[in-house]
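Peer 1: following is a predicted model, sequence given first.
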Amino acid sequence: MTRLFALSDLHVQHAGNRAAVEAIPAHPRDWLLVPGDIGESVDVVARTLEALAARWARVVWTPGNHELWTARDGLRGRDKYDALVAAARAVGVQTPEDPYVRFPGADGPWICPLFLLYDYSFSPPGFSPEQAVAWAAEDGIRCADEQLLEPWPYASRSAWCAARLAETERRLSTELPAGARTVLVAHWSLRIDLVRTYRIPRFLPWCGTLRTHDWHRRFGADVVVSGHLHMRATDWRDGTRFEEVSLGYPRHWDAAAGAAHYLREVLPGPPAPPDGVGGPVWHR
């Protein structure tokens with residue numbers, strides 16, 4: 001039986017993370033979802049995806065904010081994203097720009113990697129992006145994206161997010177068969193109520209967009225997989241399972257356990273909880 005696993009936020013710029021990812025045993029029959037934050041340069045992301053693709057039957061990737069940072073390669077904005085997509089495709093990895101594929105099985109769901117960004121709407125109601133950034137700064141929170149994630153050629157990260165939302169909605173609405181069941185894979189959370197930033201509460205503005213709040217219902221999701229938060233958990237909303245699957249920075253995981261310990265089985269996955277139980281189930 002083919003299984004579907006997920007692990008995000010590999011952050012292989014840290015030597016311990018890189019060694020742990022390289023030590024994950026081969027899964028030649030299984031699929032792996034990697035929802036972003038592998039590293040900051042195209043070369044690093046390409047090498048990591050190539051190594052993973054050699055050990056898994058299929059790898060599916062979508063970028064996080066770290067991949068999109070302007071790094072030593074000098075690429076920025078959409079040019080950086082396009083270069084990442086080309087590098088992933090070159091090693092046989094599925095990207096958000098590729099046709100959706102169906103997971104093996106008699107009635108397997110469609111695997112849909114999404115690149116959506118954020119628009120600062122995960123902040124107090126009515127706040128503009130500028131007000132959201134200032135609100136976070138009042139609590140000492142300054143996201144590196146404000147300097148490193150250039151939205152070129154768009155006027156802002158919010159404008160890039162709006163363009164990504166429109167294109168992704170179009171594809172999900174037109175490229176899937178009627179009644180399709182899906183696994184939605186994104187770096188940023190689709191729902192604000194699943195963003196738990198206990199360590200840095202006012203980091204919320206960089207965590208997603210309110211416009212995706214109902215996408216799990218609109219697009220038939222059995223499971224929604226995300227990363228970014230470094231707060232591993234399983235939740236249920238409206239009968240859909242939500243999996244936050246980050247590895248994280250070295251302080252966020254146990255090196256003695258190894259990265260393989262943090263692989264999350266998405267399918268078949270755990271049974272649905274009793275009615276009225278929404279989670280979270282924390283993963284240490």
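Peer 2: Noted; the coordinates are in hand.
Peer 1: just checking, what's the longest strand in this structure?
Peer 2: Longest strand in the chain, counting residues (DSSP state E): strand 27-34.
Peer 1: who are the packing partners of that one?
Peer 2: strand 4-6, helix 42-53, strand 56-61, strand 110-114 (3 or more C-beta pairs under 8 Å, 6 or more residues apart in numbering; DSSP states H and E). Placement of C-beta: from N, CA and C, glycine included.
Peer 1: got a list of contacts for the longest one?
Peer 2: Residues from elsewhere that reach helix 42-53, judged by C-beta atoms under 8 Å, 6 or more residues apart in numbering: 10, 12-13, 21-22, 32, 34, 38-39, 59, 61, 67, 73, 75, 80, 83-84, 87-88, 90-93.
Peer 1: how does it look with 10 Å?
Peer 2: Helix 42-53 is contacted by residues 7, 10, 12-13, 18, 21-22, 24, 26-27, 32, 34, 36-39, 41, 59, 61, 63, 66-67, 71-73, 75, 80, 83-84, 86-95 when judged by C-beta atoms under 10 Å, 6 or more residues apart in numbering.
Peer 1: got JSON lines for the helices and strands packed on strand 27-34, with mean pLDDT and mean neighbour count too?
Peer 2: Output for the helices and strands packed on strand 27-34, formatted as JSON lines (pLDDT from 0 to 100; neighbours: other C-beta atoms under 10 Å):
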{"stretch": "strand 4-6", "mean pLDDT": "98", "mean neighbour count": "24"}
{"stretch": "helix 42-53", "mean pLDDT": "97", "mean neighbour count": "19"}
{"stretch": "strand 56-61", "mean pLDDT": "98", "mean neighbour count": "22"}
{"stretch": "strand 110-114", "mean pLDDT": "98", "mean neighbour count": "25"}
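Peer 1: where do the strands sit along this structure?
Peer 2: So, for the chain - with DSSP E - the strands run 4-6, 27-34, 56-61, 101-102, 110-114, 182-186, 221-226, 233-237, 240-244, 264-267, 281-282.
Peer 1: now do the helices in the chain.
Peer 2: Assigned by DSSP state H, the chain shows helices spanning 15-22, 42-53, 65-68, 77-90, 129-137, 145-148, 157-174, 215-218.
Peer 1: out of these, nearest to residue 197?
Peer 2: Counting by C-beta to C-beta, residue 197 lies closest to helix 129-137 out of the helices of the chain; the figure is 10.2 Å.
Peer 1: can you tell me how far the residue nearest to residue 34 when sequence neighbours are not counted sits from residue 197?
Peer 2: If the residues on either side of it in the chain are set aside, residue 34 comes closest to residue 61, at 4.6 Å by C-beta to C-beta, 6 or more residues apart in numbering. Note on residue 61: its distance to residue 197, by C-beta to C-beta, to the nearest Å, is 24 Å.
Peer 1: please apply the same query to residue 73.
Peer 2: Going from residue 73 to residue 197 by C-beta to C-beta gives 30 Å.
Peer 1: return the distance of residue 190 relative to residue 50.
Peer 2: With the distance defined as C-beta to C-beta, residue 190 ends up 29 Å from residue 50.
Peer 1: sorry, slip of the keys, the one I care about is residue 151.
Peer 2: From residue 151 across to residue 50, the span is 28 Å (C-beta to C-beta).
Peer 1: just residue 274 next, same as before
Peer 2: Taking C-beta to C-beta, one finds residue 274 at 43 Å from residue 50.
Peer 1: mean pLDDT per helix and strand in this protein: which one sits at the bottom?
Peer 2: Ranking every helix and strand in the chain by mean pLDDT, DSSP states H and E puts strand 281-282 at the bottom, with a mean of 86.
Peer 1: how about low-confidence regions in this structure?
Peer 2: 276 (pLDDT under 70).
Peer 1: closest one to residue 208 among the helices and strands packed on strand 27-34?
Peer 2: That would be strand 110-114 among the helices and strands packed on strand 27-34, by C-beta to C-beta, at 11.2 Å.
Peer 1: now do the closest one against helix 157-174, angle only.
Peer 2: Per axes from the mean of the first three to the mean of the last three C-alpha atoms, to 10 degrees, the angle that strand 110-114 makes with helix 157-174 is 160 degrees.
Peer 1: packing partners of strand 110-114?
Peer 2: strand 27-34, strand 56-61, strand 101-102, helix 157-174, strand 182-186, strand 221-226 (3 or more C-beta pairs under 10 Å, 6 or more residues apart in numbering; DSSP states H and E).
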